[in-house]
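J.: I need the structure of the sequence given here:
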Amino acid sequence: MKRLLLVFCLFFPVVGGFADTLNMTADEVHSDTKKEIYTLVGSATVQSQKITIHADLITIYKKEKRVVAEGNVHGTMPNGKFTGEKMAYFTEKGTADITNGSIVLNQDFVFRAKEIHY
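T.: Numbers count the residues shown, from 1 in each chain. Modelled structure (predicted):
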């Protein structure tokens, strides 16, 4: 199955008032333009300047400024990497909630928990 590469200019306000462009790849993409919800299915990746998220399924809620990743979640951020079953990333705040996962920060600290709020 061919992978689909999409580059969306989904502008999420972030700290300092700058916009963040999301680059996305997946096997399938479904969109609800009225609700501004985009679903990436199969080998899904979302990448921005601040974070890269890989998962089986990623749903982007543009109005809510939220990205939800489910199934085999893993990725990188400027100061480390993370894994988990599920993750909700809040683009405006730059925070994440990870379920059944771990975060490795600067190769010095490893956090493993059922719920991680970072």
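J.: Which residues are in contact with E115?
T.: Contact analysis of E115 by Cβ atoms under 8 Å, 6 or more residues apart in numbering lists D97, I98, T99. Heads up, the C-betas are built off the backbone N, CA and C, glycines and all.
J.: Next secondary structure element downstream of the helix or strand hosting the second one?
T.: By that I understand I98. For I98, the element it lies in under DSSP states H and E is strand 95-105. Once strand 95-105 ends, the next helix or strand along the chain (criterion: DSSP H and E) is strand 109-117.
J.: For stretch 74-86, output the C-alpha coordinates as PDB.
T.: This file holds the C-alpha atoms of stretch 74-86, laid out as PDB (Å, rounded to 0.1, in the frame of the first residue of the first chain):
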ATOM      1  CA  HIS A  74       6.500   7.100  20.100                       C
ATOM      2  CA  GLY A  75       8.400  10.200  19.100                       C
ATOM      3  CA  THR A  76      10.900  12.900  19.900                       C
ATOM      4  CA  MET A  77      10.900  16.400  21.400                       C
ATOM      5  CA  PRO A  78      13.800  18.800  21.800                       C
ATOM      6  CA  ASN A  79      14.900  17.500  25.100                       C
ATOM      7  CA  GLY A  80      14.100  13.800  24.800                       C
ATOM      8  CA  LYS A  81      11.900  11.000  23.500                       C
ATOM      9  CA  PHE A  82       8.600   9.300  24.500                       C
ATOM     10  CA  THR A  83       6.600   6.100  24.100                       C
ATOM     11  CA  GLY A  84       3.100   5.100  25.100                       C
ATOM     12  CA  GLU A  85      -0.200   3.500  24.200                       C
ATOM     13  CA  LYS A  86      -2.000   6.900  23.800                       C
END
